[in-house]
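Chemist: The following comprises the amino acid sequence and a computationally predicted model.
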Number of protein chains: 2
Amino acid sequence: MTSTPIADLWTTLPGGAGPRPEAAYRLLAAAVEAFAERGYHATTTRDIATAAGMSPAALYIHYPSKAALLAEISRAGHAATLELVRAAAGAEGGPVERMRRLVEDFTSWHAQGRTVGRVVNYELHALPAEDYAVVAGLRLDIEREVSGIIADGLAAGLFEVAEVKTAARAVTSLGIDVSRWYTGRSSESPQELGRRYGELVLRMLGARP
Amino acid sequence: MTSTPIADLWTTLPGGAGPRPEAAYRLLAAAVEAFAERGYHATTTRDIATAAGMSPAALYIHYPSKAALLAEISRAGHAATLELVRAAAGAEGGPVERMRRLVEDFTSWHAQGRTVGRVVNYELHALPAEDYAVVAGLRLDIEREVSGIIADGLAAGLFEVAEVKTAARAVTSLGIDVSRWYTGRSSESPQELGRRYGELVLRMLGARP
């Protein structure tokens, strides 16, 4: 099983940053692989250009710096995740159905897109301040959507949790950590893992069966 | 709030590798900070020696390589975690009480020792093969202890989960991810977070109230 091609992030998901030239996709894909494998700080623009089959000079036509590549990956990855979360939160059905869909989609997304997931979740500290502010805002929006469903469920007497914020944090944390441990050799498919995590989370939130 | 001093890993926890010369502690502490901050690959032995107030030559008296430092940090961190897990699993009380203690201790440990936690969980791929094998064994032992309590709870009719392995993975995953997001500015103390996570996990496992 391969992880999601980077181009999908920019084209199939509504949060993607819109079509880019083919060369830019190759650079983004090479940057994601290199950042996930060796870390942002140990990767050079030359490493990325070479992996993309280009010269460093050709890289600079598309991105002014290594930080600009990280920023685009992080912004697009977070925007795509927020879209997915909003789609689940705004779907038909009650809090139980919406939370189940959210966890299923959030989990399988982090399993399938684990390489991108590692970069966007573990290289936040390397973002330039302005990009960090944008990404922090997107992360807050994601947490708010999750908290919103939990609050709806509480109000409807369908969930039972002591602290909404801690519960919301646990829900997103479970999904994010999938990108750390999931591999192509994992026994569960991304979809099956999502289904199982959906069950576990609903129980964690005290959902009435 | 500061994270756990590195020396504590080697002295106060039974899984620690035993006392080291004071200079070795300084090197280990500097290596943990540098690996957590910039990543293993972007850190040089010179960076570590300088941060510890030593020459590179003095570093080599204690550790033959950067990899040897990472290996000691990772082995000791995992051994300490396994001890903590075993202490909870072997404590008095039934599966509910033992799982509660395990999650409380595992969670607060990853909050308090988050800097070490980041290194031992996110730099696994950089370990030399022999050390990786040892650490993978320790990780498997940790999962087995967690699975064991869940299986005990199922057998006693106290828990209700569809797949023990997935549930055990979710329990450890929640705790490990704390080292990613927890900061000294987090509103919950490590102990309070542990208490809340203990409640959430017991619910996730279908524990009868």
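Modeler: Received the coordinates, thanks.
Chemist: State the number of residues packed around A:Trp46.
Modeler: That one is not Trp; residue A:46 is Arg. 12 (other Cβ atoms under 10 Å in any protein chain shown). Placement of C-beta: from N, CA and C, glycine included.
Chemist: typo on my end, A:Glu104
Modeler: 23.
Chemist: cool, the one 3 residues further on as well?
Modeler: For A:Thr107, the count of nearby residues is 28 (other Cβ under 10 Å).
Chemist: Please identify the helix or strand for the closest residue in space to it that isn't next to it in sequence.
Modeler: Among residues not flanking A:Thr107 along the chain, A:Gly194 sits closest, at 4.1 Å (Cβ to Cβ, 6 or more residues apart in numbering or on different chains). Element membership for A:Gly194 (DSSP states H and E) is helix A:190-204.
Chemist: tell me the mean pLDDT over that helix?
Modeler: For helix A:190-204, mean pLDDT is 97.
Chemist: residues contacting the nearest residue to A:Arg100 once chain neighbours are set aside?
Modeler: Leaving aside its chain neighbours, A:Arg100 sits nearest to A:Gly198 (4.5 Å; criterion: Cβ to Cβ, 6+ apart). Applying Cβ atoms under 8 Å, 6 or more residues apart in numbering or on different chains to A:Gly198 gives the contacts A:Met99, A:Arg100, A:Arg101, A:Val103, A:Glu104, A:Thr107.
Chemist: rewinding a little: kindly provide the distance from the residue nearest to A:Thr107 to chain B.
Modeler: 11 Å (Cβ to the nearest Cβ, to the nearest Å).
Chemist: Count the neighbours of that residue for me.
Modeler: 25.
Chemist: same deal with A:Thr43?
Modeler: A:Thr43 has 25 neighbours, counted by other Cβ under 10 Å.
Chemist: ok, back up a step: please report how far the residue nearest to A:Thr107 lies from A:Val178.
Modeler: Plainly put, A:Gly194 is 9 Å away from A:Val178 if you go by Cβ to Cβ, to the nearest Å.
Chemist: Between those two, which contacts overlap?
Modeler: Counting by Cβ under 8 Å, 6+ apart, the common neighbours of A:Gly194 and A:Val178 are A:Thr107, A:Ala111.
Chemist: before we move on, the earlier item: which parts of the helix holding A:Gly194 are buried?
Modeler: Within helix A:190-204, the residues scored as buried using 16 or more other Cβ atoms under 10 Å in any protein chain shown are A:190, A:192-204.
Chemist: What about the contacts of A:Gly198, which are in helices?
Modeler: In helices, judged by DSSP state H, the following of the contacts of A:Gly198 are found: A:Met99, A:Arg100, A:Arg101, A:Val103, A:Glu104, A:Thr107.
Chemist: and the longest helix seen in chain A, does that touch chain B?
Modeler: Counting residues, the longest helix found in chain A (DSSP H) is helix A:129-155. No - residues of helix A:129-155 are not located near chain B by Cβ under 8 Å from any Cβ of the partner chain, the shortest gap being 9.8 Å.
Chemist: Over to stretch A:79-99?
Modeler: No - for stretch A:79-99, no contact with chain B is found by Cβ under 8 Å from any Cβ; the gap never falls below 13.5 Å.
Chemist: Off-centre distance for that stretch?
Modeler: Distance of stretch A:79-99 from its chain centroid, counting by Cα atoms, centre = their mean, to the nearest Å, is 14 Å.
Chemist: Also stretch A:73-84?
Modeler: Averaging C-alpha positions (Cα atoms, centre = their mean) puts stretch A:73-84 6 Å from its chain's average.
Chemist: can you pull the buried residues of that stretch?
Modeler: The neighbour-count check on stretch A:73-84 (16+ other Cβ under 10 Å) flags A:Ile73, A:Ser74, A:Arg75, A:Ala76, A:Gly77, A:His78, A:Ala79, A:Ala80, A:Thr81, A:Leu82, A:Leu84 as buried.
Chemist: Which of those fall within helices?
Modeler: If you go by DSSP H, those have A:Ile73, A:Ser74, A:Arg75, A:Ala76, A:Gly77, A:His78, A:Ala79, A:Ala80, A:Thr81, A:Leu82, A:Leu84 in helices.
Chemist: List the residues that contact the third one.
Modeler: Looking back up the chat, that one is A:Arg75. A:Ala17, A:Asp131, A:Val134, A:Val135, A:Leu138.
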